[in-house]
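J.: One predicted model, sequence on top.
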Amino acid sequence: MEGRAGIRSLMRRKQVDSDRSKAAHGGHQLAKALSVPQLVAIGVGSTIGAGVYVLVGTVAREHAGPALTISFLIAGIAAALSAFCYAELASRCPSAGSAYHYAYICIGEGVAWLIGWALILEYTIGGSAVARGISPNLALFFGGPDSLPSFLARTHIPGLDVVVDPCAAILVLIVTALLCVGIKESTFVQGIVTTANACVMLFVIIAGSYIGFQTGWVGYKVASGYLPYGINGVLAGSATVFFAYIGFDAVASTAEEVKNPQRDLPLGIGLALSSCCLLYMMVSVVIVGLVPYFAMDPDTPISSAFARNGMQWAVYVVTSGAVLALCSTLMGSLLPQPRILMAMARDGLLPPFFSEVNEHTQVPVKSTILTGICAAALAFFMDVSQLAGMVSVGTLLAFTIVAISILILRYVPPDEVPLPSSLQESIDSVSFYHNIQEDGGNYSKDNKAIVDDMETSMNPLIIKELNQEKLNEQIRRNRAAWSIASVCIGVLILTTSASSTFLPPYPQYSVCAIGGLLLLTGLIMLSLIDQDDARHSFGHTGGFICPFVPLLPICCILINTYLLVNLGAGTWARVSIWLLIGVFVYLFYGRRHSSLTNVIYVSTAHADEVYKTSKTYVA
């Protein structure tokens, strides 16, 4: 019995936050202060980090050559698949929590917990790694890599063999304080920093184009041609630069603070991603044209390209861009985590401490401060660059789950909602009424008075037709559910076997064929099955609708799972330890304190009726 109850707790799903359910949180309301420009600032600021100033050289030298622009375009299209899925769910379910919130509504509590737990790790390590990257770039303004003032400079502690970074920790605490002031104020500052970074990139594009026309674009005249590593090199390059697009999900995490989420969230996500893609492509077009790809400096490709053409002073401009990009990314890393912690605490999976919202700033101040202290401590004591792969696990898991959630929303959306046990009397009354209608008049004498009032609506032919429709709908839902499962299993088998280079060719191809067959079967079945009519009324209607379902979300699942599988055994070993800790936290706290512990699930069609017949109902 205990095991069965445990499995049920993993599968229980919450309701899309309505005005009624939000009112239950009392004062836990965030400020609705964000519009499209602020969302674009958050998205671009979280996405464009200093990595672009390095990736251009590394990917061009090792993978793409002059075709680097094509790699950025392919990666941008792959990221757009996830962005489409996020845009629909964010406008339908505009509450804090992002992928955790969507998974809890569409899949279940167990998967939602793991996603939320993985995102906590992602944002903490991501913020610390970014902060650690700022001090070396900042030192260049003081004369060299080790020229920071003594109270900010990195110091080696011999006994512990640790290099502490006071500058990184101080920057994290400054950003934390800014985030506590208010969402409007912090996004205003992030908008200024992001605009300044975009101006630096525009300088690179304009000044680089001028040099290119003067020198004849020598990078495009190499003997090996435009595709020195072939199409495979371009694709390998796109897999590498894909991670330069991670960050737009930070926009979805602020959904509850958006003035008009149905319109503004999809626009914010779409404009942020397109702006990043355009800037990346334009910078790569210019830089690979200035210097032959094989002669690029892998560490400072943009600075060295200008220096080689007599613009030594431009090094300081590019370094300024890198520092601004890192500061903006740091803000983007620390912004979503308190909101995910708040969403998990609202649902009872974490202590109520995390869900408290300051009445003056309308920000989860306590969660923000705790997040900042943890990230600052990590940035101070640890060089987390070797843990960078762990950041990608959380993001790719979230992207995958969001795509699966789109398939569930379209084909098998939740047909039951959880209601509090205090409404038991009303639930029994409404259930009895509908059971009698379905039974076609099979009732006891005690209930005759009730049934006599309903006899006019008890035509046996109508009842038979309704029951047949219900049976057909249940068959359709079962087929759709099995098809979605077939897609997920097929993708996992296909990507794992395709990446298992240690397998002999014949077994590898055989397992790939099995995975591909399951994937294709699921795709064909979903294409033939009608989508659920309930999708039109699910959550908040009138927002963005993801196109090309089921093909688009399935492509998204395939790409993200392939990237997940190829992150490496070391990364997965470290992430598994964190996820295992999360399992114990859930078993000993989350499962027992979940807000869904004592709820009663009622058909979606009858939920409003239950509330209206309840004595405690308030309109």
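T.: Happy to help now that I have it. Note that the coordinates shown come from a computational prediction; the quantities given were computed from them, not determined experimentally.
J.: ok, which stretches of the stretch 401-550 of the chain are helices?
T.: 424-439, 448-452, 460-499, 505-528 (DSSP state H, counting those that start in this stretch).
J.: let me fix that: the stretch 101-250 of the chain
T.: With DSSP H, counting those that start in this stretch as the criterion, the stretch 101-250 of the chain has helices spanning 109-139, 166-181, 183-215, 230-241, 249-253.
J.: Can you redo these as a markdown table, where the extra columns are distance to residue 593 and mean pLDDT?
T.: Every C-beta, even on glycine, is put in place using the N, C-alpha and C of the backbone. Supplementary listing: the helices of the stretch 101-250 of the chain in a markdown table, determined by distance: least, Cβ to Cβ, whole Å; pLDDT from 0 to 100:
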| stretch | distance to residue 593 | mean pLDDT |
| --- | --- | --- |
| helix 109-139 | 12 | 90 |
| helix 166-181 | 27 | 94 |
| helix 183-215 | 28 | 94 |
| helix 230-241 | 41 | 92 |
| helix 249-253 | 23 | 92 |
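J.: Of the helices of the stretch 401-550 of the chain, which shows the lowest average pLDDT?
T.: Looking at these, the lowest mean pLDDT belongs to helix 448-452 (a mean of 48).
J.: can you pull the contacts of the closest residue to residue 328 other than its chain neighbours?
T.: Once flanking residues are discounted, residue 328 sits nearest to residue 45: 3.7 Å by Cβ to Cβ, 6 or more residues apart in numbering. By Cβ atoms under 8 Å, 6 or more residues apart in numbering, residue 45 lies in contact with 190, 191, 193, 194, 197, 247, 328, 329, 331, 332.
J.: Buried by neighbour count, from those: which ones?
T.: By neighbour count, with 16 or more other Cβ atoms under 10 Å, those hold 190, 191, 193, 194, 197, 247, 328, 329, 331, 332 as buried.
J.: Which pair of the residues you listed spans the longest distance?
T.: The span of these, defined through Cβ to Cβ, is set by 191 and 247 at 15.0 Å.
J.: quick one: the closest residue to residue 414 other than its chain neighbours from residue 407, how far?
T.: Of all residues not flanking residue 414 in the chain, residue 13 sits nearest, at 5.3 Å (Cβ to Cβ, 6+ apart). Between residue 13 and residue 407 the distance is 15 Å, computed by Cβ to Cβ, to the nearest Å.
J.: neighbour count winner among the two?
T.: Taking neighbours as other Cβ atoms under 10 Å, residue 13 and residue 407 compare with residue 407 leading, 26 against 20.
J.: just curious, which of the contacts of residue 45 is nearest to residue 314?
T.: residue 197 (15.5 Å).
J.: Hmm, residue 329 and that closest one touching each other?
T.: No: Residue 197 lies out of contact with residue 329 (Cβ atoms under 8 Å); the separation is 9.4 Å.
J.: tally of neighbours for residue 224?
T.: With other Cβ under 10 Å as criterion, residue 224 counts 12.
J.: Got the confidence number for it?
T.: The model's pLDDT for residue 224 equals 87.
J.: Which residue comes closest to it once chain neighbours are left out?
T.: Nearest one to residue 224, counting by Cβ to Cβ, 6+ apart, is residue 65 at 6.8 Å.
J.: residues contacting that neighbour?
T.: Residue 65 neighbours (Cβ under 8 Å, 6+ apart): 222, 224, 226, 227, 228, 229, 233, 288, 293.
J.: Residue 78 too?
T.: 238, 242, 245, 559.
J.: likewise residue 269?
T.: By Cβ under 8 Å, 6+ apart, the neighbours of residue 269 are 39, 43, 83, 86, 87, 90, 248, 251, 252.
J.: just to revisit the earlier point, any chance of a markdown table for the buried ones among the contacts of residue 45, columns distance to residue 493?
T.: Putting those into a markdown table (distance: Cβ to Cβ, whole Å) gives the following:
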| residue | distance to residue 493 |
| --- | --- |
| 190 | 42 |
| 191 | 45 |
| 193 | 44 |
| 194 | 41 |
| 197 | 42 |
| 247 | 31 |
| 328 | 40 |
| 329 | 36 |
| 331 | 40 |
| 332 | 35 |
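J.: Pick the one among those closest to residue 371.
T.: Out of the buried ones among the contacts of residue 45, the member with the shortest distance to residue 371 (by Cβ to Cβ) is residue 331, at 12.2 Å.
J.: quick one: that closest one is in a helix?
T.: Yes: looking at residue 331 with DSSP: H, G, I helix; E, B strand; the rest coil, it is inside a helix.
J.: how close does it get to residue 166?
T.: In this structure, residue 331 and residue 166 are 20 Å apart, going by Cβ to Cβ.
J.: if we can go back for a sec, what's the overlap in contacts for residue 197 and residue 329?
T.: 45, 48.
J.: which residue packs closest to residue 10, ignoring adjacent ones?
T.: Closest to residue 10 by Cβ to Cβ, 6+ apart is residue 110, at 3.2 Å.
J.: Ignore what I typed, I meant residue 492.
T.: Residue 492 sits nearest to residue 561 (Cβ to Cβ, 6+ apart), 6.4 Å away.
J.: I figured that neighbour was touching residue 400, is that so?
T.: Yes: using Cβ under 8 Å, residue 561 is in contact with residue 400, at 5.9 Å.
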